[in-house]
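**Student:** No sequence on hand, only this structure:
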């Protein structure tokens with residue numbers, strides 16, 4: 001049997017992504033808006049969010065299950081009223097805590113290149129009573145400064161990866177002027193929600209489309225048996241939770257998926273890798289600091305898989321050893 005091996009120290013930070021926001025004083029994302037879109041308009045980015053996630057794979061359903069807890073630090077100036085996830089794939093189902101609703105793309109409507117921001121948004125429900133005045137009342141179940149709320153969730157066939165997350169606060173903003181009034185034709189529209197919010201990274205359904213490396217040693221053409229979709233041989237830095245995405249048969253080689261094995265820091269983690277989606281990642285695992293064997297700093301992943309050398313019936317093993325760093 002033939003083996004190929006890849007070894008590179010994690011010398012550079014090619015991928016540096018945050019899985020959640022730290023509880024630091026919020027800086028305005030929207031910046032100075034002048035002149036205002038209309039009289040009385042206020043920004044909605046005075047929140048300090050953090051998003052914790054638990055991810056499981058349902059083998060029977062073939063779905064990844066994402067469950068979130070959203071917190072708002074005590075120093076925030078506004079209560080959180082919406083949380084939007086920009087996803088790489090659609091959600092097959094969503095879950096909300098009491099007093100919240102969810103909207104988003106389905107398999108039939110999802111388009112990664114379509115208008116708007118594809119994904120799922122969780123919204124605190126407005127009070128189901130009549131109100132007076134020209135300002136929407138605050139949702140009863142908004143997440144106040146110093147508070148947190150669990151129960152947000154989505155199921156998806158797409159595996160975990162880093163996803164952009166937009167968190168908006170409640171501001172007592174007057175409703176836009178009615179049609180026909182001069183101010184309704186303002187040339188100063190309100191900033192898009194992706195700007196008028198606090199932007200953080202979280203974990204959610206992701207689409208992996210590019211092989212970063214298949215190894216850097218060409219021994220008997222076996223290096224294409226397995227490729228890494230988010231790890232580079234020249235060094236990668238991931239934030240916890242840390243996804244690792246793999247692709248089998250990079251150039252159409254015949255491989256035997258049942259022979260796949262993975263060791264992380266010397267511990268067998270093969271069972272932590274679950275299926276991805278057709279045309280994307282073949283196996284994805286999510287590792288969390290505080291859960292062995294992932295460790296802060298340098299980690300060593302060794303993978304092996306068997307296949308047939310291109311143009312032959314000879315069986316070989318592609319073995320890769322790749323290092324990556326993990327930070328909290």
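**Tutor:** That came through fine. Not measured: the values here are computed from a predicted model.
**Student:** and the spatially closest residue to residue 324 that is not a sequence neighbour, backbone torsions?
**Tutor:** Closest residue to residue 324 apart from its sequence neighbours, by Cβ to Cβ, 6 or more residues apart in numbering: residue 236 at 4.3 Å. Just so you know, the C-beta spots here come from the backbone N, C-alpha and C atoms, and that holds for glycine as well. Main-chain torsions, residue 236, degrees, to the nearest 10: phi -140, psi 140.
**Student:** Isn't residue 236 up against residue 230?
**Tutor:** Yes - in this structure, residue 236 is within contact of residue 230 by Cβ atoms under 8 Å, at 7.2 Å.
**Student:** in which helix or strand would I find residue 319?
**Tutor:** strand 315-327 (DSSP states H and E).
**Student:** Give the buried residues for that strand.
**Tutor:** Within strand 315-327, the residues that qualify as buried are 316, 317, 318, 319, 320, 321, 322, 323, 324, 325, 326, counting by 16 or more other Cβ atoms under 10 Å.
**Student:** which regions of this structure lie under the pLDDT threshold?
**Tutor:** Within the chain, the stretches with pLDDT under 70 are 1-26, 179-186, 216-219.
**Student:** On the three-state scheme, the closest residue to residue 170 other than its chain neighbours is what?
**Tutor:** Among residues not flanking residue 170 along the chain, residue 81 sits closest, at 4.3 Å (Cβ to Cβ, 6+ apart). Following DSSP: H, G, I helix; E, B strand; the rest coil, we place residue 81 in the strand state.
**Student:** Assess the claim that residue 78 and residue 46 are in contact.
**Tutor:** Yes - using Cβ under 8 Å, residue 78 is in contact with residue 46, at 4.3 Å.
**Student:** Between those two, point out the one with more neighbours.
**Tutor:** For residue 78 versus residue 46, the count of surrounding residues by other Cβ atoms under 10 Å is larger for residue 78: 25 against 22.
**Student:** and the closest residue to that one other than its chain neighbours, what are its bridge partners?
**Tutor:** Distances taken as Cβ to Cβ, 6+ apart put residue 169 closest to residue 78, at 2.8 Å, once the chain neighbours are dropped. Using DSSP bridges, the beta-bridge partners of residue 169 come out as residue 80.
**Student:** I'd guessed residue 169 sits against residue 70; true?
**Tutor:** No - look at residue 169 against residue 70 with Cβ under 8 Å: they stay out of range, at 12.0 Å.
**Student:** returning to that earlier point: please give the number of neighbouring residues around the residue nearest to residue 170.
**Tutor:** There are 24 residues near residue 81, going by other Cβ under 10 Å.
**Student:** Show the contacting residues for it.
**Tutor:** When contacts are counted by Cβ atoms under 8 Å, 6 or more residues apart in numbering, residue 81 is found next to 44, 123, 124, 138, 139, 142, 143, 168, 169, 170.
**Student:** ok so the fourth one is a helix residue?
**Tutor:** Right, residue 138. No - assigned with three-state DSSP, residue 138 falls outside any helix and is coil.
**Student:** any idea how far it lies from residue 48?
**Tutor:** 18 Å (Cβ to Cβ, to the nearest Å).
**Student:** Looking at these two, which has the bigger crowd around it?
**Tutor:** For residue 138 versus residue 48, the count of surrounding residues by other Cβ under 10 Å is larger for residue 48: 26 against 17.
**Student:** contacting residues around residue 276?
**Tutor:** By Cβ under 8 Å, 6+ apart, residue 276 lies in contact with 158, 159, 208, 245, 282, 283, 284.
**Student:** mind checking which helix or strand the nearest residue to residue 101 once chain neighbours are set aside is in?
**Tutor:** Counting by Cβ to Cβ, 6+ apart, residue 101 lies nearest to residue 123, which is 5.3 Å off, once chain neighbours are set aside. Residue 123 is located in strand 119-124, with elements delineated by DSSP H and E.
**Student:** List the buried residues for the helix or strand following that strand?
**Tutor:** On the C-terminal side of strand 119-124, the closest following helix or strand by DSSP H and E is strand 148-156. Neighbour-count burial for strand 148-156 flags 149, 152, 153, 154, 155, 156 (criterion: 16+ other Cβ under 10 Å).
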